[in-house]
Every structure is written in C-alpha cells, then in structure tokens.
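**Q** Take this sequence and fold it.
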Amino acid sequence: MSRSVRLDHGEGDDPRDRAVWRLRSRGCWDDAAALIAPRAEQDAAVAVRRAALLVERCMFTAGGWAEAEDALRSAEALAVDDVVRGAAACERGQLAYAATVLGVRDRADEARAALGRAAALLPPNSPVRSVLDFRRGLLAEHLADNPQAARAAYRRAHAGASAHGDALLSSFTWRHLAGLALRDGELTEARHGFTESLRLREELGFLVGMAPALVALAGVQGEPEAGRLRAEAQRLFRLLGGVPTWLSGVLSPDRPLPETGC
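**A** Below you'll find the predicted structure:
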C-alpha cells in the first residue's frame with residue numbers, strides 16, 4: 001500500500017495531511033474526512049484513506065455506520081489494483097468487526113471473509129499487512145476466544161509496525177499484547193506494555209486514544225497512581241465530549257476496560 005493509502009500521523013510536508021492528522025487525533029473524523037473528500041472522488045487510495053477515517057469513528061463512537069459503509073463502497077468501486085482492493089477489504093473487515101464487538105449487529109463472518117480477502121490481495125511487503133495482522137488478532141481474541149492465535153498475530157503486527165516505523169500501530173499492539181499478558185497473570189509484562197502504549201500515544205499527540213490507554217495502565221497500578229491515571233482519563237474523556245463512547249461508566253476501580261480494539 002502506498003503512503004497515500006495509509007492513515008499517516010501528519011509527519012509529512014503536506015499541510016493538508018497534517019491538518020487531517022490533527023483533526024483525527026482529536027476525534028474530529030467528519031472534519032478530517034471532509035478535507036480529503038474532493039480528492040477521494042477520483043483517487044482510490046485517498047478514498048480508502050477517507051473510508052478508514054470513518055471506520056475509525058465507528059469504533060470510537062459506535063455511530064456513523066451508514067457514512068462509513070457509503071465511503072467503503074465508493075472506495076471499492078474506484079479500486080483497480082490489488083493493493084488498494086486489499087486495503088479496502090481490510091477496512092471492511094474492521095467495520096464488520098466493530099459492529100460485532102460493539103453489539104450493533106453480528107457481522108463476524110463478514111469480518112473474517114473481508115480480512116481473508118485482504119490477506120490474499122496484499123503483497124507480502126505491504127505495510128498494511130501489519131494492520132491486517134493486528135485486526136486478525138482482534139478477531140482471534142474477541143470473536144474466537146483464541147488468545148494463542150491472537151498473541152501470534154499481535155506479535156507479527158508489532159514486528160511489522162516497528163519495521164515500517166508505524167508508531168501509532170505499535171501503541172495498539174503494545175496495548176493488546178499487554179492485555180493478554182494481564183489475562184495470563186503476567187503483571188510486570190502487562191504494566192510495561194500499557195506504559196509503552198501510553199507513551200507512544202502521548203508522543204504522537206493521539207489525544208482520542210489516550211483515555212483508554214490511561215485506564216488500561218491504571219488497572220495494573222496501585223493507589224494513589226491508579227487514581228491519578230483514572231482522573232486524567234476522566235478529564236480527557238470530558239474534554240473530547242464523551243469519546244470513546246464505550247468508556248462511559250468504566251472510569252472507576254471496579255469496572256474493567258472493554259477490549260474493543262482502541
């Protein structure tokens with residue numbers, strides 16, 4: 001997948017790309033998608049990038065499903081090569097997974113099929129293979145209850161993210177590997193992974209992803225540090241207008257953080 005297809009982190013020279021990242025990182029997915037909408041009408045890679053923004057909004061807000069579906073259909077219609085088709089299939093798999101794990105509608109079979117198509121289409125050296133591995137790990141962990149397969153997929157994704165310099169994906173793989181470590185009772189390993197995930201999101205300025213990272217780290221810390229982390233998560237949650245929506249009601253010591261993929 002070319003860089004234009006990926007959701008980058010605004011580190012390039014294009015002011016529009018930097019603006020898209022700033023909006024995305026603050027949970028303003030509609031505004032970010034609108035910035036690239038004119039280009040997305042003709043450029044399949046940009047169309048996939050726009051669809052990915054709207055799919056991410058669904059995961060964080062549990063809303064906007066119709067808009068994400070429309071954007072995906074447009075991207076799929078424009079795609080003429082395997083790389084872009086594979087990228088679009090990866091996003092369709094993520095949308096179906098999000099609908100399933102958030103309880104909107106059971107689309108687990110669609111998610112598996114779409115990620116399988118992506119695996120068949122994407123070349124071995126594609127940076128998006130790392131994203132695909134991560135998402136296959138999500139399916140293995142949360143839909144198939146197969147932590148061994150999930151761990152293997154997360155580790156492949158983590159290695160790929162490191163190789164391609166994808167710090168944001170690394171923040172996700174650290175977090176989910178840490179979650180599996182916690183599930184196995186490996187508290188030190190879990191604490192390290194959650195700490196690394198939070199550090200990367202802070203360095204990138206991925207504000208919308210910081211509250212979940214703070215709550216996850218709080219779950220493996222003792223007081224008073226755990227309380228401080230939860231208070232900061234609560235502050236960010238309010239600042240962003242209650243996003244991620246599924247975080248509402250879990251910012252307390254006795255409520256576990258739902259593992260959605262964020």
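
**Q** how is the protein carved up into domains?
**A** Taking automatic domain parsing as the domain assignment, the ranges for the chain are 1-125, 127-262.

**Q** Quick one: those as TSV, columns for mean neighbour count and mean pLDDT too.
**A** From N, CA and C alone the C-beta is placed, and that goes for glycine too. Compiled in TSV, these are given as follows (neighbours: other Cβ atoms under 10 Å; pLDDT from 0 to 100):
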stretch	mean neighbour count	mean pLDDT
domain 1-125	19	91
domain 127-262	19	91
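
**Q** Surely A149 and H142 touch.
**A** No. Taking Cβ atoms under 8 Å as the definition, A149 is not a contact partner of H142, at 11.6 Å.

**Q** And S197, how close does it get to H176?
**A** The span separating S197 from H176 equals 9 Å under the rule Cβ to Cβ, to the nearest Å.

**Q** What segments of this structure are helices?
**A** Taking DSSP state H as the test, the helices found in the chain are 15-25, 29-40, 44-61, 65-78, 82-101, 108-121, 128-138, 147-164, 167-183, 187-204, 210-218, 225-239.

**Q** name the helices or strands packed onto the third one?
**A** When you say that, I think you mean helix 44-61. helix 15-25, helix 29-40, helix 65-78, helix 82-101 (3 or more Cβ pairs under 8 Å, 6 or more residues apart in numbering; DSSP states H and E).

**Q** export those helices to a markdown table and tack on distance to N125?
**A** Formatted as a markdown table, the entries for those read as follows, by distance: least, Cβ to Cβ, whole Å:
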| stretch | distance to N125 |
| --- | --- |
| helix 15-25 | 23 |
| helix 29-40 | 26 |
| helix 65-78 | 22 |
| helix 82-101 | 11 |
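
**Q** Looking at those, spot the one closest to A231.
**A** Go through these one by one with Cβ to Cβ and the one that ends up closest to A231 is helix 15-25, at 21.6 Å.

**Q** That closest one versus helix 210-218: what angle between them?
**A** Angle of helix 15-25 versus helix 210-218, following axes from the mean of the first three to the mean of the last three Cα atoms, to 10 degrees, is 50 degrees.

**Q** other SSEs contacting helix 15-25?
**A** Of the remaining helices and strands, those touching helix 15-25 by 3+ Cβ pairs under 8 Å, 6+ apart are helix 29-40, helix 44-61.

**Q** Turn these into CSV, columns for distance to L204.
**A** CSV is the format used below for the helices and strands packed on helix 15-25 (distance: least, Cβ to Cβ, whole Å):
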stretch, distance to L204
helix 29-40, 15
helix 44-61, 14
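
**Q** wait, which of those helices is closest to E76?
**A** For the helices and strands packed on helix 15-25, proximity to E76 was assessed by Cβ to Cβ; helix 44-61 is nearest, at 8.6 Å.

**Q** what's the angle between the closest one and helix 128-138?
**A** Relative orientation of helix 44-61 versus helix 128-138 (the same axes, to 10 degrees): 30 degrees.

**Q** Turn the helices of the chain into TSV, including distance to L247.
**A** Formatted as TSV, the entries for the helices of the chain read as follows, by distance: least, Cβ to Cβ, whole Å:
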stretch	distance to L247
helix 15-25	17
helix 29-40	17
helix 44-61	9
helix 65-78	19
helix 82-101	14
helix 108-121	23
helix 128-138	18
helix 147-164	22
helix 167-183	14
helix 187-204	14
helix 210-218	6
helix 225-239	6
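
**Q** T245 is nearest to which of these?
**A** Taking Cβ to Cβ as the criterion, T245 comes closest to helix 44-61 out of the helices of the chain, the separation being 5.3 Å.
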